[in-house]
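Asks: have a look at this prediction, sequence included:
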2 protein chains.
Amino acid sequence: MFHALGDASRRGMVERLRRGPASVSELARPFAMSLPAVVQHLAVLERAGVVASHKVGRVRTYQLVPDGLVPANHWIVQQRLPQEKQLDRLGDHLATSTPTDKEH
Amino acid sequence: MFHALGDASRRGMVERLRRGPASVSELARPFAMSLPAVVQHLAVLERAGVVASHKVGRVRTYQLVPDGLVPANHWIVQQRLPQEKQLDRLGDHLATSTPTDKEH
DNA sequence: ACAATACTTAAGCATATGCTTAACCATGCG
DNA sequence: CGCATGGTTAAGCATATGCTTAAGTATTGT
């Protein structure tokens, strides 16, 4: 999922979908790349659970998955919360100079 | 930055640093890869602003950058659908950036 | 029916990524 | 000094990624 968001084009598509559902062609329009390239990007986002699509006639419409980004958000929050304590532990770590592993 | 977090090994290193600063060797220990590979991963994380390092003697110590993940978090929060506010306690929590966590 | 529209699939290609090994500094220590 | 420790640099390699063009398929409009 972080990998899916690691591409600027894909993030741009997500940002577009924030304003509402859109077809493949609509999503492709702002980008200077071929339609198959856009389709591949959307497939990555869909596999990651960030967007969903359904086809009506010959038009495939994409939209954001509700709470689709929550897993990524949750991971980030978990890393972020204990950070305040670590500033205090840095000096401690350096002062004690933890004995490194002897084996190997 | 999302790209930096898009690798499981790098996320593992961030999770390790969550419990406090660590040297390159300490960070490498849990992984079944060579030291240069770990160094490369850490360089990616450092370029992304997620971690920082300083060298003392021959030991380079890494630590999390305080609020280093905030840009990614901010982007994610902005994508959330305005239509669903009922399940939004997590996003609300993140937007206010309160250091006290009580969910989960 | 015919043609345009909206994708879809397949193949290929240049570059990026993640990893390796080998060799190389630099520091700590008996 | 001599040598182990901790890290760095360089080179190379297999695979993944992002993109392309070409050639489909399925619908819709005239």
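Replies: Good, I have the coordinates.
Asks: identify all contacting residues around the helix or strand harbouring A:Glu46.
Replies: Using DSSP states H and E, the secondary-structure element containing A:Glu46 is helix A:35-47. By CB atoms under 8 Å, 6 or more residues apart in numbering or on different chains, the residues outside helix A:35-47 that reach it are A:3-4, A:7, A:9-10, A:13-14, A:24-25, A:27-28, A:31, A:51-53, A:62. C-beta: built from backbone N, CA, C; applies to glycine.
Asks: identify the farthest-apart pair in these.
Replies: By the measure CB to CB, A:His3 and A:Ser25 form the most distant pair in the contacts of helix A:35-47, at 25.6 Å.
Asks: more neighbours: these two, which one.
Replies: Using other CB atoms under 10 Å in any protein chain shown, the more surrounded residue of A:His3 and A:Ser25 is A:His3, with 16 against 11.
Asks: A:Ser9 should be in a strand, yeah?
Replies: No. According to DSSP: H, G, I helix; E, B strand; the rest coil, A:Ser9 belongs to no strand; its state is helix.
Asks: strands of chain A, residue ranges please.
Replies: Counting by DSSP state E, one finds strands in chain A at the ranges A:22-23, A:51-56, A:59-64.
Asks: between these, which one is closest to A:His74.
Replies: strand A:59-64 (17.1 Å).
Asks: what's the average pLDDT for the closest one?
Replies: Across strand A:59-64, pLDDT averages out at 96.
Asks: give me the buried subset of the contacts of helix A:35-47.
Replies: Buried members of the contacts of helix A:35-47, counted by 16 or more other CB atoms under 10 Å in any protein chain shown: A:3-4, A:7, A:9-10, A:13-14, A:24, A:27-28, A:51-52, A:62.
Asks: out of those, who's near DNA strand D?
Replies: A:His3, A:Asp7, A:Ser9 (CB under 7 Å from any atom of the strand).
Asks: next, the spatially closest residue to the first one that is not a sequence neighbour: phi, psi?
Replies: Closest residue to A:His3 apart from its sequence neighbours, by CB to CB, 6 or more residues apart in numbering or on different chains: B:Gly6 at 3.4 Å. The main-chain torsion angles of B:Gly6 are listed as degrees, to the nearest 10 and equal phi -80, psi 0.
Asks: ok, how many other residues are close to B:Gly6?
Replies: Neighbours of B:Gly6 (other CB under 10 Å): 17.
Asks: for A:Arg60, same thing?
Replies: Per other CB under 10 Å, the neighbour tally for A:Arg60 reads 15.
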